[in-house]
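Chemist: Got a sequence here, can you model it:
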Amino acid sequence: MKNSTIWATFTASSLLLAAGFLLPSQASNNRVQVAQQPNCKSPQTTLDMNICSSQEFKAADTKLNQLYQQLRPKLNSKQQQRLTVAQRSWLKFRDETCNYEAGKFEGGSVAASTYGYCRARVTQERVKDLERYLEQANV
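Modeler: Model (predicted):
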């Protein structure tokens, strides 16, 4: 499955979450019932896996961006430039690595969540790198 197809499936699932996945209540036309948040420790459906992988990736990406913004001002201009180049290369590596992993399930329903969980995992690994760089910059 191409990266764009995986991403489209992943995005569509995320949009369902963002829209609140509202369903009319059978008890009343005036009330609205919101779908329960999935148990991300043990997601049971493909939709749950997509939602959970999206949440996990978003949390890791937020942390990554915070660390990157904390690190940059602590570096001289040459190191800032090197960090920017490294980060751009790493983003390409992350996406291609996860494209490879999701490719095992090309055309299947778990391809999108596999891609999402991979992006979360690889991003969490990069967070550890940036935490180490930040510690070194503070010494």
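Chemist: what about the residue nearest the centre of the chain, helix or strand, and which?
Modeler: In the chain, the residue lying closest to the centroid (C-alpha atoms, centre = their mean) is Phe57, at 2.3 Å. Phe57 belongs to helix 46-71 when assigned by DSSP states H and E.
Chemist: Next one, pLDDT for the spatially closest residue to Ala111 that is not a sequence neighbour please.
Modeler: Leaving aside its sequence neighbours, Ala111 sits nearest to Phe105 (C-beta to C-beta, 6 or more residues apart in numbering; 4.2 Å). (Each C-beta comes from the backbone N, C-alpha and C, glycine too.) Here the pLDDT value assigned to Phe105 is 96.
Chemist: How far does the helix or strand containing Leu130 sit from its chain's centre?
Modeler: Element membership of Leu130, judged by DSSP H and E, is helix 111-137. Between the centre of helix 111-137 and the centre of its host chain there is 10 Å, according to C-alpha atoms, centre = their mean, to the nearest Å.
Chemist: Tell me the buried residues in that helix?
Modeler: By neighbour count on 16 or more other C-beta atoms under 10 Å, the buried set for helix 111-137 is 111-124, 126-127, 130, 133.
Chemist: and if you look at stretch 71-86?
Modeler: Buried residues in stretch 71-86 (16+ other C-beta under 10 Å): 71, 83.
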